[in-house]
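>>> Give me a 3D structure for the following:
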Amino acid sequence: MAEADRDAERRDRAVTLRDVAAAAGVSVSTASRLLDKRYEGSSPGNARRVREAAERLGYTRDYAASSLRRQGTSTIGVLVPRLSDAVMGILYEEIARECERRDVQALVATTQDDPAQGRRAAASLLSRKVDGLIMTTARLDDGFAEELRAARVPHVLALRTAGDSPSAVTDDRLGGYLAVRHLADLGHRRIGIIAGPRYASSARARLEGALDGLREAGCDLDDDLVRGDGFSVEAGEDAAGDLLDAGIAPTAIFAVTDHAAIGAMAAAARRGLSVPGDLSVVGFNDIPLARHLPTPLSSVRASLDLIAQASVRMLVDGETSNLVFPPTMIPRASSGPRAAG
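Have a look, this model is predicted:
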């Protein structure tokens, strides 16, 4: 069927956003975003095709329906473990910024990574009639996300996954792999890993990716080289202390967060070791502090801005995708060649 005939067929019925997206060769979510006047400056080529298709087909945006999708309150709840964590603080700021662009208000609640407190915080937000939840607190040892799905509560998981809920995350396994391969390429063969809590999908995947990298590079695979179960500076310092005080200490450490990596650098300094002369260190997330340390920290960069934007879009537009954003290895002064000897 010719394009003109398809256009005529569409005009014989109510033209939908899906019709416009198909005619312009983009996804429905992209068409929706590019028809929003607040995004007139983005993706000029796609935007022109979408608007030309809408005009040709006689499409008129139904703002009432859009409002109904948000159930009328234009407010979303955001659950984070704590705002004192730089990653969570940055992500929430990006979420709030995207909400402002969409005329949506964000309300935040903290859980201290405690499942019971997380349920109470979610109940409090839902009692305020928020249209849905963005959660950075998903746990593999807790069925809360499944409970929300069963109750038909709109929600999106950010940074961590659990079950079949819509999510926007970093490719954590790839990030762990990139970190270890970076160290292996510098000549390190005995690489310690500071792991995070096993209930967090992000920590598990980063550990799995790191082990992938160790196996591929032919590095030592020793259970004694994996330590730690927390994301904090204190957890990182304790875990690094265990690694450095072992019989055969590692020449490099990969920590699954920048905070834990900073703790590892502190542990090295307490033992009179230099970074990277005696010990190379790599973290994960690339928080702003990483590049401003006396010895700037090598880190795997996560696209927190893209994750935040996608989380808001998915919740507001009712998308049910599982989006994975690629990480980038950022080498800095904290990682260097293995010392001879």
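
>>> Pull out the buried residues from stretch 164-174.
Using 16 or more other Cβ atoms under 10 Å as the burial criterion, the residues of stretch 164-174 that qualify are 165-174. Heads up, the C-betas are built off the backbone N, CA and C, glycines and all.

>>> quick check, nearest of these to residue 285?
Nearest to residue 285 among the buried residues of stretch 164-174: residue 170, at 8.5 Å, using Cβ to Cβ.

>>> What about the buried residues of stretch 164-174, which are in helices?
Taking DSSP state H as the definition of helices, those contribute 172-174.

>>> Mind putting those into JSON lines with distance to residue 209 and pLDDT?
Formatted as JSON lines, these follow (distance: Cβ to Cβ, whole Å; pLDDT from 0 to 100):
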{"residue": "172", "distance to residue 209": "7", "pLDDT": "98"}
{"residue": "173", "distance to residue 209": "4", "pLDDT": "98"}
{"residue": "174", "distance to residue 209": "6", "pLDDT": "98"}
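
>>> Touching, residue 118 and residue 124? I think so.
No. Contact between residue 118 and residue 124 fails when scored by Cβ atoms under 8 Å: they sit 10.7 Å apart.

>>> which non-adjacent residue is nearest residue 77?
Closest residue to residue 77 apart from its sequence neighbours, by Cβ to Cβ, 6 or more residues apart in numbering: residue 125 at 3.2 Å.

>>> number of nearby residues for the one you found?
As a burial measure, residue 125 scores 20 neighbours (other Cβ atoms under 10 Å).

>>> Pull out the buried residues from the host helix or strand of it.
Secondary structure from DSSP states H and E places residue 125 in helix 115-127. Using 16+ other Cβ under 10 Å as the test for burial, helix 115-127 gives 117-118, 121-122, 125-126.

>>> residue ranges of the helices in this structure, please?
According to DSSP H, the chain carries its helices in the segments 3-11, 17-24, 28-34, 44-57, 63-69, 86-101, 115-127, 144-150, 172-185, 201-217, 233-244, 258-270, 304-317.

>>> Which one of those lies nearest to residue 158?
The nearest among those, by Cβ to Cβ, is helix 304-317 at 4.5 Å.

>>> What is that closest one packed up against?
If contacts are counted by 3 or more Cβ pairs under 8 Å, 6 or more residues apart in numbering; DSSP states H and E, helix 304-317 sits against helix 28-34, strand 75-80, helix 86-101, strand 133-135, strand 155-158, strand 167-170, strand 322-325.

>>> Please produce a markdown table containing the buried residues of stretch 164-174, extended by distance to residue 306.
As requested, the buried residues of stretch 164-174 are exported to a markdown table (distance: Cβ to Cβ, whole Å):
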| residue | distance to residue 306 |
| --- | --- |
| 165 | 19 |
| 166 | 15 |
| 167 | 13 |
| 168 | 8 |
| 169 | 11 |
| 170 | 9 |
| 171 | 12 |
| 172 | 15 |
| 173 | 18 |
| 174 | 15 |
